Structures are given as C-alpha cells and as structure tokens.
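Enquirer: Any chance you can model this:
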Amino acid sequence: MKYIVTVGNKRHVIEIKDTNEIFVNDRPITIDLESASGSNVHSMLIDGRSYLASVERTTEDWQVLLLGDLYSVNVVDERQERLAAASGGAGGASGEFKLKSPMPGLVVTVPVTEGQAVEEGDILIILESMKMQNELKSPMAGTVTKVRVKDGDSVEGSQLMVIVTAETEE
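Expert: Residues are numbered from 1 along each chain as shown. Take a look at the predicted model:
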C-alpha cells in the first residue's frame, strides 16, 4: 500500500514493503519503530540512526515532535488521493495552521502576539516537557490570528495554543 504524506508544502510517497523496510519517494529505508507502552513517544531506528519522536493524532492530521521541531503531517492512502482528485477535492493546505501541544507540558514563553506576521520556521511557543525545552515553530509564513496560552501555563496534549493564518496571494 502507498501513502501520500504531506509535511508543510512537501509531498512524499511512502510505500510499506514489510515491517522493517519502506520506500520514501522510491528510496529504500530500513526502519525499526517501537512505541513506549501507553505513550505517544516512539523510538525509531532509521538507517542506523536513532530518534525519539512524540506522535499525536488530531482530528485534522498528525502532530509529530522530532528533534525539537513540531510538524503537522497529513497522511492519505493512494485510494483516498484518487477519490479526492476525482471529486475535485483540494487535498492541500487549508491556509490555517493550528499549533496544538504535542504532549502535556509547561509553556516557557510565547514570543508571538496576535496580529504579528511570522515566517516559516519562526518560534511560536517554547514548551517544556519531559525535562526538555522544545521550540515549536511555524510551518508557514502568515499572521498569528489567535494565541490561547501565556507564559507559565500548563497545557494538556492536543490543547490548542496558537493559530497562524497563511498569507493569501490573491
């Protein structure tokens, strides 16, 4: 089965061959994935390199915290992709990014304010979780339209913290 995975504005085709081998854009990758029991934290061994990631399913997509960066990941299988294309479905970005906490934690700082313009990669929130500070960054340029937390707030997993609306080019 093939999956179409969109991270930011980058689209990847992933094909799962067996439990330890996948193809990403036709490139073979050896992977070993283990989940901590009862947790959204995953240990991954990819082509011999070790990574820890927090993965949380939301109603719209997957939120993946990896190496201190938060990614919104949309996943559809090839059948869903064909159906969306046939029905004229956009399948693209909605123009709005909802930054949700990838895990419970403490908001260390919120360096943005409502109405502020941000660029792709700008820090929206610094969140402390599991004794680590994570810089949660904007995946796109736009304007901060909502800030729902402040410095020192405790947040739950999947709690909405900031909304960024994309600049329209019309």
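Enquirer: which strands and helices sit next to the helix or strand Tyr3 falls within?
Expert: Element membership for Tyr3 (DSSP states H and E) is strand 2-7. Helices and strands touching strand 2-7, by 3 or more Cβ pairs under 8 Å, 6 or more residues apart in numbering; DSSP states H and E, are strand 10-18, strand 69-77, helix 78-86. No exception for glycine: its C-beta is placed from N, CA and C like everyone else's.
Enquirer: Show me which positions of that strand end up buried.
Expert: Buried residues in strand 2-7, defined by neighbour count with 16 or more other Cβ atoms under 10 Å: 3-7.
Enquirer: Determine which stretch of the helices and strands packed on strand 2-7 is the most buried.
Expert: Among the helices and strands packed on strand 2-7, ranked by average contacts under mean count of other Cβ atoms under 10 Å, first place goes to strand 69-77 (a mean of 16).
Enquirer: tell me the contacts of Gly121?
Expert: 137-138 (Cβ atoms under 8 Å, 6 or more residues apart in numbering).
Enquirer: buried ones in stretch 141-157?
Expert: Those would be 142, 144, 147-149, 153, 155, 157, for stretch 141-157 by 16+ other Cβ under 10 Å.
Enquirer: Next: stretch 103-118.
Expert: Residues of stretch 103-118 classed as buried by neighbour count (16+ other Cβ under 10 Å): 103, 105, 107-108, 110, 112, 118.
Enquirer: What part of this structure, helix or strand, is modelled with the least confidence?
Expert: Ranking every helix and strand in the chain by mean pLDDT, DSSP states H and E puts helix 78-86 at the bottom, with a mean of 67.
Enquirer: In PDB, list the C-alpha atoms belonging to the helix or strand following that helix.
Expert: Proceeding C-terminally, helix 78-86 gives way to strand 96-100 as the next helix or strand, assigned by DSSP H and E. The C-alpha trace of strand 96-100 is given here as PDB (Å, rounded to 0.1, in the frame of the first residue of the first chain):
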ATOM      1  CA  GLU A  96      -4.600  27.800   8.600                       C
ATOM      2  CA  PHE A  97      -2.100  26.100  11.000                       C
ATOM      3  CA  LYS A  98      -3.400  25.200  14.400                       C
ATOM      4  CA  LEU A  99      -0.500  24.600  16.800                       C
ATOM      5  CA  LYS A 100      -1.600  22.100  19.400                       C
END
